[in-house]
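In: sequence and computational prediction follow.
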Amino acid sequence: MKSLFATAVTALWSSAFSSAFQHKMTNWAGNLEYGTERLHAATSMADVQRFVKANSQFKVLGTRHCFNEIANTDTKFLSLRSLDKVIELDPKTRTVTTEAGISYGQLCPYLDQRGFALHNLASLPHISVAGACNTATHGSGIKNGNLATQVSALEMVMASGDVLKLTRDKDSDTFRGVTVGLGALGVITKVTLDLQPAFTVKQYVYENLPFDQLYQNFDAIEASAYSVSLFTDWQKHRINEVWLKVRTDAEPRFESKPEFFGAQIATKNLHPIAELSVENCTEQMGVPGPWFERLPHFRMGFMPSAGKELQSEYFVPRRHAVEAIFAVERLRDKVTPHLLISEIRTIAADDLWLSTAYKQESVAIHFTWKQDWPAVSKLLPEIERELAPFDARPHWGKLFTMSPAHLRSRYERLSDFVALARKLDPRGKFRNKFLEQTIFI
Ligand SMILES: Cc1cc2nc3c(=O)[nH]c(=O)nc-3n(C[C@H](O)[C@H](O)[C@H](O)COP(=O)(O)OP(=O)(O)OC[C@H]3O[C@@H](n4cnc5c(N)ncnc54)[C@H](O)[C@@H]3O)c2cc1C
């Protein structure tokens, strides 16, 4: 079933990973050196079960794209990256079932070739499906839930080595607890994802949208395309770039005009950080293309984003979007010197316990920072204080400084999640310092 493309991607990844072994093993951004080099690359389901039974504590590692310690351990890693096959595409139920190590970059071309699509993607396709869902990774769009909302069924090896199969329809409560699981509940070995017919997207970029326009027309701007991303450095009271991802089958049709809420249409492809090369960015200028080559900002096969960076992101209820953006704008002269770029996106509400959009139409305010943790770690508490009136929730895979008490007050199902984890994993086999210090405290 595995396509040549998928095999090539896996081979590339494996060689990058084995060469990483010759140095210290780090996360993608290189800001974090992992606590051990001991990694077992699982080759089969039976192998996963054997490993789980034989080890009293370890961490599953996806594609290493988290910026904080969530995926770190000083015991052992289990990698499922070789378990990356598509198991079944069912046109009747419009679902695909895959092994959990597959990345979106591997899965999407496979789906598109067969006439199917996922409803949305993150800014990059390089990440593993299981790792993304475990941290509630998201794209943008007021009607688009995060990537974990695509999951309709999953299979997980529990601490005992036994297999737990859950579906959204039959096991709804446990399923909602497990899907955004922070890697704390078990080893996800298979996922079934909802599909829809493949669709075409055109991407338009506009430059210099005045903040006054944004503050007056936030909902209209966000509703103007299937997915909207606003990039700003917080200076000059403006959004530097507006990225509109427009479905060609959407009604009413989007007519690109030279001006959009006071912003001007770009005359060439742009990187979100305007000074950087566009080589790694997806095609813009209204050129139609398949969903998976337009919904992410960055192309498979190239380095996404800026590379040497840190990331943080906070989610607030969409009804507070303007006040929250304004609150961050007030900090601009402290933020900008340490910033590469910020991005503002929207996410539809869902019912997954630890989702950043749990029961809340959300706006996400993201920061791509220069890699200067001493400076960023001083700034985050200030940003968190400014966003506190809106009960901001942090992204699970990015850097934050919020206390466990704050987390408990923002994620209302956190205590249910802890109880579920204690039931499924009574001896803490899947825990690490991050989980002990933020969740299980
Ligand atoms: C350049 C860049 C761009 C990004 N863009 C976005 C974006 O647009 N939107 C967004 O929301 N986030 C974004 N992120 C963050 C990223 O999507 C998340 O950090 C995501 O979790 C990464 O997946 P991973 O497989 O690399 O996870 P890892 O860092 O490897 O692991 C994350 C967690 O998942 C667990 N895990 C992984 N696989 C399994 C499994 N099989 N079973 C159980 N647990 C598992 C791990 O134990 C860990 O707790 C970006 C990150 C980078 C570096």
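Out: Okay, I see it. Numbering: from 1, shown residues only.
In: so which residues on the stretch 151-300 of the chain come close to the ligand?
Out: 182, 183, 187, 188 (CB under 6 Å from any ligand atom). C-beta here means a position set from N, CA and C on the backbone, and glycine is covered the same way.
In: from those residues, which two are the most distant?
Out: 182 and 187 (13.0 Å; CB to CB).
In: just want to know which of those two has more residues nearby.
Out: Taking neighbours as other CB atoms under 10 Å, residue 182 and residue 187 compare with residue 187 leading, 26 against 22.
In: and the strands in the stretch 251-400 of the chain, which stretches?
Out: Along the stretch 251-400 of the chain, the stretches classed as strands by DSSP state E, counting those that start in this stretch are 259-260, 263-265, 289-290, 310-317, 339-347, 362-369, 393-394.
In: what does the strand or helix carrying residue 106 contact?
Out: Element membership of residue 106, judged by DSSP states H and E, is helix 104-113. Contacts of helix 104-113 from elsewhere in the structure, counted by CB atoms under 8 Å, 6 or more residues apart in numbering, are 3, 5-6, 9-10, 84, 86, 89, 96, 98, 117-118, 121-122, 125-127, 129, 132, 195, 198, 290-292, 296, 300.
In: for that helix, buried residues please.
Out: 104, 105, 106, 107, 108, 109, 110, 111, 112 (16 or more other CB atoms under 10 Å).
In: the ligand: which of those is nearest?
Out: residue 104 (9.7 Å; CB to the nearest ligand atom).
In: surely residue 386 touches residue 331?
Out: Yes: using CB atoms under 8 Å, residue 386 is in contact with residue 331, at 6.2 Å.
In: those two: who's more crowded?
Out: residue 386 (18 against 15).
In: contact partners for the more buried one?
Out: 327, 328, 330, 331.
In: the helix or strand where residue 155 lies pairs with which strands, and in what direction?
Out: In the assignment (DSSP H and E), residue 155 maps to strand 151-157. Here strand 151-157 is paired, per DSSP bridges, with strand 163-167 (antiparallel), strand 187-194 (antiparallel).
In: drop anything exposed from the contacts of helix 104-113.
Out: Here, 16+ other CB under 10 Å leaves 5-6, 9-10, 84, 86, 89, 96, 98, 117-118, 121-122, 125-127, 129, 132, 195, 198, 290-292, 296, 300 buried among the contacts of helix 104-113.
In: which residue ranges form the helices in the stretch 51-200 of the chain?
Out: Per DSSP state H, counting those that start in this stretch, the stretch 51-200 of the chain has helices spanning 104-113, 129-134, 172-179. These are given in chain order.
In: tilt between the first one and strand 187-194?
Out: Our comparison of helix 104-113 with strand 187-194, counting by axes from the mean of the first three to the mean of the last three CA atoms, to 10 degrees, yields an angle of 30 degrees.
In: and for the last one?
Out: Compare the direction of helix 172-179 with that of strand 187-194 by the same axes, to 10 degrees and you get 110 degrees.
In: what are the buried residues along helix 172-179?
Out: Neighbour count says helix 172-179 has 174, 175, 176, 177, 178, 179 buried, by 16+ other CB under 10 Å.
In: got the residues you listed as a markdown table, with pLDDT columns?
Out: Output for the buried residues of helix 172-179, formatted as a markdown table (pLDDT from 0 to 100):
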| residue | pLDDT |
| --- | --- |
| 174 | 97 |
| 175 | 98 |
| 176 | 98 |
| 177 | 98 |
| 178 | 98 |
| 179 | 98 |
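In: which of these sits closest to the ligand?
Out: residue 178 (9.6 Å).
In: contacting residues for that closest one?
Out: Contacts of residue 178 (CB under 8 Å, 6+ apart): 154, 156, 164, 166, 185, 186, 420.
In: ok, and the closest non-adjacent residue to whichever residue of the stretch 101-250 of the chain sits closest to the ligand?
Out: The nearest approach of the stretch 101-250 of the chain to the ligand comes at residue 131, 1.9 Å away (CB to the nearest ligand atom). The shortest distance from residue 131 to any non-neighbouring residue, by CB to CB, 6 or more residues apart in numbering, is to residue 62 (2.5 Å).
In: what's near enough to touch that neighbour?
Out: 71, 80, 81, 101, 127, 128, 130, 131, 132, 134.
In: most packed of the strands paired with strand 151-157?
Out: strand 187-194 (a mean of 23; mean count of other CB atoms under 10 Å).
In: which residues does that strand contact?
Out: With CB under 8 Å, 6+ apart, strand 187-194 has contacts from 45, 48, 52, 60, 78, 80, 83, 87, 94-100, 118-119, 129-130, 133-134, 150-157, 163, 167, 181, 430.
In: so where's the stretch 1-150 of the chain shaky on pLDDT?
Out: Low-confidence segments of the stretch 1-150 of the chain (pLDDT under 70): 1-23.
In: strands along that one, start to end?
Out: Counting by DSSP E, counting those that start in this stretch, the strands of the stretch 1-150 of the chain are 39-41, 59-61, 77-79, 86-90, 95-99, 116-117.
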